[in-house]
Structures are given as C-alpha cells and as structure tokens.
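# Just the structure for this:
(chains A and B)
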Amino acid sequence: DIQMTQSPSSVSASIGDRVTISCRASQTVSKSLNWYQQRPGRAPSLLIYATSYLQNGVPSRFSGTGSGTDFTLTINGLQSDDFATYYCQQSYSIPRTFGQGTRVDIK
Amino acid sequence: EVQLVESGGGLVQPGGSLRLSCAASGFTFRSYSMNWLRQAPGKGLEWISYIDVPGSSIFYADSVKGRFTISRDNDKNSLYLEMNNMRDEDTAVYYCSRGYNSGSFDSWGQGVLVSVSS
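Below is the predicted model:
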C-alpha cells in the first residue's frame, strides 16, 4: 500500500495568510494526487484533483503542485471559510489511501 | 444537484451485521463508479470499497475484505454495503462517494454513523 504523509499536522494562521501543506507518498503516484477539505461535522469536499486541477466552484486561492512523491496544497489569502482539515489522497493504485490530515485553525 | 443519501446505520454488537444503503439522485448513476469510505471518531479518512459501473470490478481494503460486500442497483440508483462479522474497529461514520476524474471522490453523502459495541 502507498503511505501518504502530510506535514504539518496542524497550522495556526490568520485571515489573509498564505498557507502551504505538504503531502509525501511512500512511492511515486505520478500526478494522481487529490486534495479534500473537511469542515467540522461535515463530509469532505473535493478541492483539487490530478495534482493541480481545481474542482468546479473551488476558489482560485487554492492551488496544487507536485509530481512523483512530493505535493503541495497552497491557500493564498486565507479566508474564514478555509479553517478546516485538509487531506491528500492518492489515486495511483488500490487501495486508495489518504494522508492523516492537516488542521488549519485560527491563530 | 448531485445528492447522495446514506441510511441504515446504527448500533450493532460485535459479530453482528448491518446493511447500508446510499440513494443517488441528480446525476446518471449508471454512468459512475462508486465508493464507500469511512471515518472513525476523531480520525482520518479511510477508503474501504469500490465498484465500477456494471458492478463487475470490485475492490476492498484489507481491513474489510471477506466481511463487507459492496453492490449496486443501477435501476434503483442505489449503492449498498453489506457488513458482516463486525468489529469494534468498524465504528465510524460511513460515506458513499461518487468516483470522479483521476480516481478522486467528487461528491459525498452526509454520512451515516455505525457503532459496534456490546
């Protein structure tokens, strides 16, 4: 199974900040890397698929980069709606696996 | 609007069985692969099963293989998860999710809580 490791586990940030979350795979996943946002008590929602493609309706302040084993989710200009937990997920092979999550909270 | 609504959760004893359903609407169900995922209390996300459009290609996570069975009825726009020989560690919120581009999950139900306890 491909192990996904996110860093940091949590980050405190202020409105307007730039936040970067890293995701590392234990072996190459090529560009098959997706990002999700989960607000407390809610189902996850897809933010970015295939490393860098923004899902419909996702604000352009979210962006994704990377390839192979190292990936980054960036939020440019943090908004109040963005305080949530973020997960990466590889879709290169089965079983699909997720990172442990990165919680973004208010500084 | 895409809607996925899970049902069938509840409290079950260890070794017991439960059947989850997921009712889909707002899209052509028979055109999409589907998945079940779960989230234990306070924990991260775990993919547990996949089924393709005709229901002929099915995969499971090792944690549920041999105990859980995924199925679908394209005429009823419904996805199912039959759970047998349940364990304490199966306690979680279970989500059904639509398969999307690049193996992502683009639409999720609201989730249904399954608790395994004596």
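
# give the contact list for the most centrally placed residue in chain A.
Note on chain A: the residue nearest the mean C-alpha position is A:W35, at 3.9 Å, using C-alpha atoms, centre = their mean. By C-beta atoms under 8 Å, 6 or more residues apart in numbering or on different chains, A:W35 lies in contact with A:C23, A:L46, A:L47, A:I48, A:F62, A:G64, A:L73, A:Y86, A:Y87, A:C88, A:Q89. Bear in mind the C-beta positions are built from the backbone N, C-alpha and C, glycine included.

# beta partners of it?
A:I48, A:C88 (DSSP bridges).

# Would you mind naming what in chain A lies close to chain B?
A:31-32, A:34, A:36, A:38, A:43-46, A:49-50, A:53, A:55, A:87, A:89, A:91-92, A:94-101 (C-beta under 8 Å from any C-beta of the partner chain).

# Go again with 7 Å.
Neighbours of chain B within chain A, by C-beta under 7 Å from any C-beta of the partner chain: A:32, A:34, A:43-46, A:49-50, A:55, A:87, A:91, A:94-96, A:98, A:100-101.

# and those residues, which of them are in strands?
Among these, the subset assigned to strands under DSSP state E consists of A:N34, A:S45, A:L46, A:Y49, A:Y87, A:F98.

# For chain A, give me its nearest residue in chain B.
B:G103 (2.6 Å; C-beta to the nearest C-beta).

# returning to that earlier point: most neighbours among the contacts of A:W35, which one?
Compared across the contacts of A:W35, A:C88 has the highest neighbour count, 29 neighbours, by other C-beta atoms under 10 Å in any protein chain shown.
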